[in-house]
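In: Fold the following and give me the result.
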Amino acid sequence: MKKQVFKVLAKVNKIILPSYTKSKLDITKATKFQLAIIGWRAYITKNALG
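Out: Residues are numbered from 1 along each chain as shown. Just a heads-up that it's a prediction; the model follows:
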């Protein structure tokens, strides 16, 4: 059940949130908001896979 929720969230994140790797964002120059989005996406992806 929990894994299914994270899989759905991962799909929603892919659609809604921007992908900073495709736009070649330099992490050292990222704003706090961009870092928060990167962290959120990583957390959701980790839980969806694990």
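In: And the strands in this structure?
Out: When secondary structure is read from DSSP state E, the chain shows no strands.
In: Spatially central residue for it, please.
Out: residue 41 (1.5 Å; Cα atoms, centre = their mean).
In: Below-threshold pLDDT in the chain: ranges please.
Out: The chain contains no residues with pLDDT under 70.
In: isn't the residue nearest to the centre of the chain right next to residue 17, touching?
Out: Yes - with contact defined as Cβ atoms under 8 Å, residue 41 reaches residue 17; the gap is 6.3 Å. Glycine gets a C-beta too; all of them are placed from N, C-alpha and C.
In: coming back round to it: once you drop chain neighbours, what's closest to the residue nearest to the centre of the chain?
Out: Among residues not flanking residue 41 along the chain, residue 13 sits closest, at 5.5 Å (Cβ to Cβ, 6 or more residues apart in numbering).
In: what's near enough to touch that neighbour?
Out: 40, 41, 44 (Cβ atoms under 8 Å, 6 or more residues apart in numbering).
In: contacting residues around the lengthiest helix in the chain?
Out: Ranked by number of residues, the top helix in the chain under DSSP state H is helix 32-49. Helix 32-49 has contacts (Cβ under 8 Å, 6+ apart) with 2-3, 6-7, 9-10, 13, 17-18, 20, 25, 27, 30.
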